[in-house]
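Novice: Quick check, what structure comes out for this input:
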Amino acid sequence: MDKRLQKIADDIKVKFGLDNYNLETHSIHKERTSLGEAYYKFNMEFFPNELSGELEEDLNPAGTAIVDYNIQKEIVESVIFVEDKSLSTMIHFPGKTEEEVGYWLESETGLTYGNDFVMTEVLENGFHFSPNIRAVEITPVGMIDVEFDNDGKLTSYNLFDPIPTNENIELAEFTLTLEEIEPLVKKQLQLVNFPVEAEKKFVPVYAMEEVYVTLGGSRVIPFLDHEREEVKVDEIIEWNEPLKEELARGHVDLVSEATADEAFEGKGIEEKLVVTADQIEKSKDIVRDVFRSEYPEESGMWKLDTLERLEHFIKATCSMDETAMSVFNRKLVVLINPDTMTLLNYVDNGEVFEIFDTFEPAEKAVVSHEDAFEKLVSYISLAPTYVYDSVTEKYILCGLLDAAEGVNAITGEVVPLSDF
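Specialist: You can find the predicted model right below:
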């Protein structure tokens with residue numbers, strides 16, 4: 001093993017009292033946080049020295065210690081003892097108190113207990129900690145879970161995503177109101193066709209699309225994390241001639257192991273996952289060829305919605321060009337090699353729609369968009385939330401625009417969306 005990795009493994013054995021363990025397997029993988037920050041993770045699996053019975057293939061025996069270490073930050077991100085059985089010689093939390101765990105986490109993470117993070121939930125044998133933004137939601141939210149056995153031995157520790165600190169949070173007073181952003185709110189009210197299983201039909205309903213609105217209402221940040229990194233294309237796919245030759249597909253490598261040198265040199269961690277202008281144009285050609293080959297009679301019926309750069313490929317998402325949205329839109333996802341700009345694979349969710357073959361299509365809306373808004377406006381909420389903003393690279397205060405109800409576009413009735 002590389003000497004640098006060996007030192008980390010040796011230090012881990014001491015830190016967690018793994019005197020009765022041997023390092024069985026290890027690997028390094030490049031990972032990204034939900035904020036898009038790249039790092040290399042060193043995964044180690046320590047088996048107990050004394051194992052009884054026959055080992056099952058691909059299953060870790062009870063007591064195995066699985067440890068994930070962030071090489072760039074030089075911190076342990078996760079420790080799990082399989083089946084909550086620890087053979088460690090160390091008792092980390094003899095008193096099993098919140099303060100014991102909190103101060104231990106300070107030494108592990110470099111964060112300040114009570115300032116950067118606080119205990120928010122008592123678990124059966126442990127505690128759950130969250131960022132110290134009292135009474136205000138935050139997204140993406142970093143969390144820490146710590147659990148222990150009856151003796152106070154650590155059985156699991158997980159640091160989920162980065163914990164924001166005061167340095168990267170722009171604290172502000174929430175002053176946003178629905179009245180000052182009314183045109184934007186109206187724009188988020190969408191006509192959606194919901195399937196009703198009991199009646200075997202689709203029902204048109206006006207529903208709010210969840211988004212975060214910045215203070216002052218100048219910008220909208222998508223609700224889902226991945227949507228914030230997508231490039232909106234919104235272009236109809238058309239062609240004149242079908243493509244007769246068979247498409248060549250490449251291998252989709254979702255996980256690739258890295259070397260110690262790559263990890264310690266931080267190879268590629270500064271790379272931002274963006275789609276260049278050239279890649280956008282080439283992606284359009286690749287997507288068009290997929291449709292020309294697989295759906296030659298459907299020119300003009302599909303739309304290239306978005307492109308998203310992921311670690312190992314560019315993801316192109318296409319949908320049927322329909323006037324009204326449906327909860328289950330027909331989609332085709334095309335995966336593209338970002339280095340060679342060649343096709344890797346494509347997936348059609350068309351089979352999902354077979355269950356709706358017997359459903360009656362949605363009737364034409366009777367209620368106007370304006371009337372639906374007037375009916376729903378008192379149900380719309382604007383909840384203060386700190387959201388990570390890739391533009392400023394800070395957490396900024398926004399309002400989460402949402403409504404748990406919608407308006408039936410046929411009857412005009414306000415209905416809970418949970419009914420669908």
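Novice: What is the longest helix of the protein by residue count?
Specialist: helix 277-294 (DSSP state H).
Novice: packing partners for that helix?
Specialist: strand 231-237, strand 302-309, strand 314-320, strand 331-336, strand 343-348 (3 or more Cβ pairs under 8 Å, 6 or more residues apart in numbering; DSSP states H and E). Every C-beta, even on glycine, is put in place using the N, C-alpha and C of the backbone.
Novice: Output that helix in CSV with nothing but the alpha carbons.
Specialist: Taking Å, rounded to 0.1, in the frame of the first residue of the first chain, the C-alpha atoms of helix 277-294 are listed here in CSV:
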residue,chain,number,x,y,z
ALA,A,277,-21.1,26.3,-25.8
ASP,A,278,-19.4,23.8,-28.1
GLN,A,279,-20.7,20.8,-26.1
ILE,A,280,-24.2,22.2,-26.2
GLU,A,281,-24.2,22.3,-30.0
LYS,A,282,-22.6,18.9,-30.3
SER,A,283,-25.1,17.4,-27.8
LYS,A,284,-28.0,18.7,-29.9
ASP,A,285,-26.6,16.7,-32.9
ILE,A,286,-26.1,13.6,-30.8
VAL,A,287,-29.7,13.8,-29.4
ARG,A,288,-31.1,14.4,-32.8
ASP,A,289,-29.4,11.3,-34.2
VAL,A,290,-30.8,9.2,-31.4
PHE,A,291,-34.3,10.3,-32.4
ARG,A,292,-33.6,9.9,-36.1
SER,A,293,-32.6,6.3,-35.4
GLU,A,294,-35.0,5.2,-32.8
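Novice: For residue 221, which residues are in contact?
Specialist: Counting by Cβ atoms under 8 Å, 6 or more residues apart in numbering, residue 221 touches 211-214, 228, 387, 389, 398.
Novice: Equivalent analysis for residue 227, please.
Specialist: Residue 227 is in contact with residue 306, counting by Cβ under 8 Å, 6+ apart.
Novice: Check whether it sits in a helix, strand or coil.
Specialist: Three-state call for residue 227 (DSSP: H, G, I helix; E, B strand; the rest coil): helix.
Novice: try residue 187
Specialist: Following three-state DSSP, we place residue 187 in the helix state.
Novice: Kindly state the pLDDT recorded for it?
Specialist: Reported pLDDT at residue 187 in the predicted model: 95.
Novice: neighbours around it, how many?
Specialist: 13 (other Cβ atoms under 10 Å).
Novice: now swap in residue 240 and tell me
Specialist: Here the number of neighbours of residue 240 (other Cβ under 10 Å) works out to 6.
Novice: still on that earlier bit, in the longest helix of the chain, what counts as buried?
Specialist: 279-280, 282-284, 286-293 (16 or more other Cβ atoms under 10 Å).
Novice: Equivalent analysis for stretch 1-19, please.
Specialist: By neighbour count with 16+ other Cβ under 10 Å, stretch 1-19 contains the buried residues 5, 8-9, 12-13, 16-18.
Novice: ok, now stretch 161-177?
Specialist: Of the residues in stretch 161-177, those buried (16+ other Cβ under 10 Å) are 162-165, 169, 176.
Novice: Low-confidence stretches in this protein?
Specialist: Across the chain, residues meeting the criterion (pLDDT under 70) sit at 52-58, 134, 322-328, 351-353.
Novice: at 50 what do you get?
Specialist: Within the chain, no stretch has pLDDT under 50.
Novice: can you give me the helices in it?
Specialist: Going by DSSP H, the chain shows helices at 3-15, 98-109, 182-188, 260-265, 277-294, 369-376.
Novice: what sits against the residue nearest to the spatial centre of the chain?
Specialist: Nearest to the mean C-alpha position of the chain, by Cα atoms, centre = their mean, lies residue 225 at 5.7 Å. Residue 225 is in contact with 34, 139-140, counting by Cβ under 8 Å, 6+ apart.
Novice: In PyMOL, select just the buried ones from the residues you listed.
Specialist: Selecting only the buried entries of those in PyMOL, with 16+ other Cβ under 10 Å as the criterion:
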select buried, resi 139+140
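Novice: from the contacts of residue 225, which ones fall inside strands?
Specialist: residue 139 (DSSP state E).
Novice: Contacts for the longest helix of the chain next, please.
Specialist: 231, 233, 235, 237, 239, 241-247, 275, 298-299, 302, 304, 307, 309, 314, 316, 318, 332, 334, 336, 338, 341-343, 346, 348.
Novice: okay if I get the helices and strands packed on helix 277-294 as JSON lines plus distance to residue 404?
Specialist: What follows is the helices and strands packed on helix 277-294, written out as JSON lines (distance: least, Cβ to Cβ, whole Å):
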{"stretch": "strand 231-237", "distance to residue 404": "27"}
{"stretch": "strand 302-309", "distance to residue 404": "26"}
{"stretch": "strand 314-320", "distance to residue 404": "26"}
{"stretch": "strand 331-336", "distance to residue 404": "26"}
{"stretch": "strand 343-348", "distance to residue 404": "32"}
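Novice: Please convert those strands to TSV, extending it with mean neighbour count and distance to residue 125.
Specialist: Shown next, in TSV, are the helices and strands packed on helix 277-294 (neighbours: other Cβ atoms under 10 Å; distance: least, Cβ to Cβ, whole Å):
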stretch	mean neighbour count	distance to residue 125
strand 231-237	15	46
strand 302-309	20	40
strand 314-320	20	40
strand 331-336	20	42
strand 343-348	17	41
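Novice: Out of those, flag the one nearest residue 382.
Specialist: Nearest to residue 382, of all those, is strand 231-237, at 24.1 Å by Cβ to Cβ.
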